[in-house]
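S.K.: Sequence and predicted structure are below.
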Amino acid sequence: MQTLWTEIDNYYAGLFLPEDAVLNAAVADSRAAGLPEIAVAPNQGKLLCLLAKIKGARRILEIGTLGGYSTIWMARALPEDGKLIALELDPSCAAVAQKNIARAGLAEKVEIRVGPALETLAALQAEGAEPFDLIFIDADKENNPGYFERALALSKGGTLIIADNVVRQGAVLDKDSADSAVQGLRRMNDMAAAEPRIEATAIQTVGVKGLDGLGLFLVMPD
Ligand code: SAH
Ligand code: DHB
Ligand code: MG
């Protein structure tokens with residue numbers, strides 16, 4: 001099926017995703033720097049961009065930035081005075097991302113904070129950061145429960161929290177998995193299901209990146 005999924009992604013990319021020199025360069029430089037090829041697919045990046053536009057997002061938080069590919073897609077949706085805070089553990093990823101973001105003309109809207117996201121999230125909360133309109137969780141999945149809790153604390157009614165990789169080729173089904181990433185994912189899902197402030201769904205995705213999925217968590221007003 002992978003060949004078919006890829007052909008279909010390519011068909012739609014040909015229609016709806018014009019050649020994009022800035023994103024191509026971000027992918028090429030990320031590859032050249034040896035970063036793993038685990039950024040969201042182009043049509044998923046565009047989905048993040050459209051969701052940010054639909055929300056009229058002015059403040060976006062990204063947890064897990066890698067080379068800044070998804071960051072660029074989301075930051076493009078921001079208005080002139082909008083801001084995206086991007087959290088990344090690895091300083092060498094952050095350096096690649098910073099260059100890619102600058103080339104995209106988005107350096108003034110994007111601030112990368114380097115460090116373990118559980119710590120940078122706690123710092124954001126401690127400094128009384130304004131709530132975010134859109135939060136994209138896409139870092140180490142074992143920490144998803146902590147990220148989800150912090151994301152909720154940095155939300156307001158109407159905030160959309162999106163989690164990447166909620167299917168993992170079906171691994172999510174294994175409740176006894178020895179993989180801490182699967183355990184973290186399932187624990188986050190249980191938290192979301194039990195949280196009265198959240199209306200949630202999850203969508204399986206196939207395409208150039210195989211079988212995976214996106215979790216969508218909408219925060220209700222208090
Ligand atoms: N969102 C990116 C892909 C992110 S890949 C995109 O779609 O383009 C996951 C990223 O999370 C990696 O860059 C990894 O270094 C980072 N990461 C892993 N553990 C982390 C942690 N504890 N805190 C912050 N970032 C972390
Ligand atoms: C992995 C991480 C991701 O964020 C992703 O989109 C795909 C794969 C990984 O760690 O393998
Ligand atoms: Mg991901």
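M.R.: Structure received. Ligands and ions are numbered 1, 2, ... in the order given.

S.K.: For the residue nearest the centre of the chain, give me its contacts.
M.R.: The centroid of the chain falls nearest to residue 136 when counting by C-alpha atoms, centre = their mean (3.6 Å). Neighbouring residues of residue 136 by C-beta atoms under 8 Å, 6 or more residues apart in numbering: 48, 60-63, 70, 74, 162, 164. Quick note: C-beta positions are derived from backbone N, CA and C, even for glycine.

S.K.: Just the closest of the residues you listed to residue 84, please.
M.R.: Nearest to residue 84, judged by C-beta to C-beta, of the contacts of residue 136 is residue 60 at 4.3 Å.

S.K.: and the closest one, what element?
M.R.: strand 59-63 (DSSP states H and E).

S.K.: Which strands or helices does that strand pack on?
M.R.: Judged by 3 or more C-beta pairs under 8 Å, 6 or more residues apart in numbering; DSSP states H and E, the packing partners of strand 59-63 are helix 69-75, strand 83-88, helix 117-126, strand 134-137, helix 144-153.

S.K.: 10 Å instead, please
M.R.: For strand 59-63, the packing partners by 3 or more C-beta pairs under 10 Å, 6 or more residues apart in numbering; DSSP states H and E come out as helix 42-55, helix 69-75, strand 83-88, strand 110-114, helix 117-126, strand 134-137, helix 144-153, strand 160-164.

S.K.: Paired strands for it, with orientation please.
M.R.: Using DSSP bridges, the strands paired with strand 59-63 are strand 83-88 (parallel), strand 134-137 (parallel).

S.K.: wait, does it contact ligand 3?
M.R.: No. Using C-beta under 5 Å from the ion, strand 59-63 stays clear of ligand 3, coming no nearer than 10.4 Å.

S.K.: and that strand, is it in reach of ligand 2?
M.R.: No. Using C-beta under 6 Å from any ligand atom, no contact is recorded between strand 59-63 and ligand 2, whose separation bottoms out at 10.3 Å.

S.K.: Let me know the average pLDDT across that strand.
M.R.: Summarised as a single mean, pLDDT over strand 59-63 is 99.

S.K.: quick revisit: tell me which of the strands paired with strand 59-63 sits most buried.
M.R.: The highest mean neighbour count among the strands paired with strand 59-63, using mean count of other C-beta atoms under 10 Å, belongs to strand 134-137: a mean of 27.
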